[in-house]
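Visitor: I need the structure of the sequence given here:
(one chain, ligands or ions: 1)
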Amino acid sequence: MDFGNFYQLIAKGPLAPWLETLPAQIAAWQRESLHGHFKNWDRSVEYLPSLTPEKLDLLHSVSADSSQLTDRQRGGIEKLLRNLMPWRKGPYSLYGVNIDTEWRSDWKWERVLPHISPLAGRTVLDVGCGSGYHMWRMIGAGAHLVVGIDPMQLFLCQFEAVRKLLGGDQRAHLLPLGIEQLPELKAFDTVFSMGVLYHRRSPLDHLYQLKNQLVSGGELVLETLVIEGDDQQVLVPGERYAQMRNVYFIPTTGALKNWLEKCGFVDVRIADYSVTSTDEQRRTSWMTSESLAEFLDPNDPTKTVEGYPAPLRAVLVATKP
Ligand SMILES: C[S@@+](CC[C@H](N)C(=O)[O-])C[C@H]1O[C@@H](n2cnc3c(N)ncnc32)[C@H](O)[C@@H]1O
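Guide: Numbering: from 1, shown residues only. Next up is the predicted model:
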């Protein structure tokens, strides 16, 4: 994995101050990634062909196709992509290979996009971007540059695999970092944090970290688990929530709005509110472990197996003054 292109890309713009810390962090990450699964995943990405699609759609889906490919080449691509399982966020349609991911991330995007400022020309940060599915949709919506951060090595490999098959597009870049490793860049026009807040032990610090990445007047798009109830209520689950170990705070939308205002955001809007269905998150041949159906009480699907309210998600949009 080579991040040199990204360094060059940001060297002369508002993200340039990042170069004071980023190369050393990436170098440390590269030293640590020499072991384990990463080598195999990296090799699968390396063996994938660099293709230039004849047909490319990032506006309505993430899909690429070309009439030049033989069935044998298609089979080879599928095998290499399956080496990168489990695929959680998608779906992708790449030269006839349909990566049917655990999540219908396109449904989330349809819930988010109508409520946010147009992305055309904007510099965007996607915190906890997973495989980068939404990053490509942000490019499809006209963003100038999209930077995703996610500490999981597998997701970087999945992103780079997709990038190779999309023609090596340099408008989106994924860095293997956690939000806590970013300096206060104050340089992004839009910052997304989707599916991350409930994983943070200190949610208000997370909101401040997001705010510190935005330009003045920039927009935060926050998507997270919520519960029903009044402005004062927050669920702090025990050891597990829907089988996940690392879930710390699940507020009501009212409480979340208060948190955002406490952190100095203005014009805070609750844009969407939806129950996660077992059609949106499910086991597929590209993610074969347990999924939402197994995380819900079989006798009462409005509850998780631990007896908490079943996953309900909200999208909030807010402005940094
Ligand atoms: C539930 S997934 C959400 C993925 C995607 N944003 C979406 O909404 O579909 C949460 C993601 O946050 C990432 N993550 C966990 N800790 C993080 C951190 N400290 N900074 C940035 N991302 C983090 C995880 O690796 C995971 O990919």
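Visitor: contacts and neighbour counts: CA atoms only from here.
Guide: Fine.
Visitor: tell me, how many residues neighbour the residue in the stretch 1-150 of the chain that the ligand sits nearest to?
Guide: In the stretch 1-150 of the chain, the residue that lies nearest the ligand is residue 128 (3.3 Å; C-alpha to the nearest ligand atom). Using other C-alpha atoms under 10 Å, the number of residues around residue 128 comes to 24.
Visitor: got it, and residue 283?
Guide: 20.
Visitor: for it, what are its contacts?
Guide: Residue 283 makes contact with 102, 289-291, according to C-alpha atoms under 8 Å, 6 or more residues apart in numbering.
Visitor: which among those residues count as buried?
Guide: Neighbour-count burial (16 or more other C-alpha atoms under 10 Å) applied to these gives 102, 291.
Visitor: next, format the contacts of residue 283 as a markdown table and append pLDDT and distance to residue 229.
Guide: Output for the contacts of residue 283, formatted as a markdown table (pLDDT from 0 to 100; distance: C-alpha to C-alpha, whole Å):
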| residue | pLDDT | distance to residue 229 |
| --- | --- | --- |
| 102 | 97 | 29 |
| 289 | 95 | 32 |
| 290 | 94 | 29 |
| 291 | 94 | 26 |
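Visitor: out of the contacts of residue 283, which is nearest to the ligand?
Guide: Using C-alpha to the nearest ligand atom, the contacts of residue 283 come closest to the ligand at residue 102, 10.2 Å.
Visitor: tell me the confidence at the spatially most central residue of the chain?
Guide: Closest to where the C-alpha atoms of the chain average out (C-alpha atoms, centre = their mean) is residue 129, at 2.1 Å. Looking at residue 129, its pLDDT stands at 98.
Visitor: and the helix or strand harbouring residue 268, which strands flank it?
Guide: For residue 268, the host element (DSSP states H and E) is strand 266-275. Here strand 266-275 is paired, per DSSP bridges, with strand 312-319 (antiparallel).
Visitor: number of nearby residues for the residue of the stretch 151-300 of the chain found nearest the ligand?
Guide: Closest residue of the stretch 151-300 of the chain to the ligand, C-alpha to the nearest ligand atom: residue 178 (3.3 Å). The local packing of residue 178 (other C-alpha under 10 Å) involves 13 other residues.
Visitor: list the buried residues of the next helix or strand after the strand holding residue 268.
Guide: Note on strand 266-275: by DSSP H and E, the next helix or strand toward the C-terminus is helix 292-295. For helix 292-295, burial by neighbour count (16+ other C-alpha under 10 Å) applies to 292-295.
Visitor: who touches helix 292-295?
Guide: For helix 292-295, the external contacting residues (C-alpha under 8 Å, 6+ apart) are 242-243, 277-278, 281-282, 304-305.
Visitor: average pLDDT across that helix?
Guide: 94.
Visitor: can you list the weak-confidence ranges in the stretch 1-150 of the chain?
Guide: Applying pLDDT under 70 to the stretch 1-150 of the chain picks out no residues at all.
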